[in-house]
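Novice: kindly generate the corresponding structure for this input.
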Amino acid sequence: MKHLMGKATRRNPAEPSRPLMAEHPWGHYRVLSNGPYYKVREIVVAPGKRFGWHLYKYRAEHWVVVEGLPMINIGDESMAVPVNESVFVPPKTPHCLENPGQEPVIIIAVQTGAYLEEDDIVTIRQ
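Specialist: Below you'll find the predicted structure:
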């Protein structure tokens, strides 16, 4: 078994070290899956919290609301997005998300692009 694991490791070069889960003042996210041009995250925003305005230089995101009713701002547009609905966040587009409700908001975010690392984020304002 050790021999087989060694082969698997050599075929898939080690990825940069990054946590599968990250805590933030607004909640947390968990990486569910990733590949060379995509990353899938579960994002949980606590009641009454928000993450500030930011943009991505290179990646795009598709957000699907699975629990709660977040207020999502993308560019100049602001919308309440119900469960089973989705939004698209293009690269270089300012956006933020807040949870005005009493229950957590859960989003499945699919990031796509040739560069998906955290230093792609430009903070605009909190």
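Novice: so which residues of this structure form helices?
Specialist: For the chain, the helices defined by DSSP state H cover 2-11.
Novice: can you give me the strands in it?
Specialist: Remark: strands assigned in the chain by DSSP state E are 21-24, 27-35, 38-45, 50-56, 60-67, 71-74, 77-80, 86-89, 95-98, 105-112, 121-125.
Novice: just put those in TSV and tack on mean neighbour count.
Specialist: Every residue, glycine included, has its C-beta placed from N, CA and C. Output for the strands of the chain, formatted as TSV (neighbours: other Cβ atoms under 10 Å):
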stretch	mean neighbour count
strand 21-24	11
strand 27-35	14
strand 38-45	19
strand 50-56	17
strand 60-67	17
strand 71-74	18
strand 77-80	11
strand 86-89	15
strand 95-98	20
strand 105-112	20
strand 121-125	11
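Novice: Glu61 pairs with what?
Specialist: The partner list for Glu61 in beta bridges (DSSP bridges) reads Val89, Gln111.
Novice: er, Ser78 I mean
Specialist: Asn73.
Novice: ok, it touching Ile72?
Specialist: Yes - the criterion here is Cβ atoms under 8 Å, and Ser78 meets it with Ile72 at 7.5 Å.
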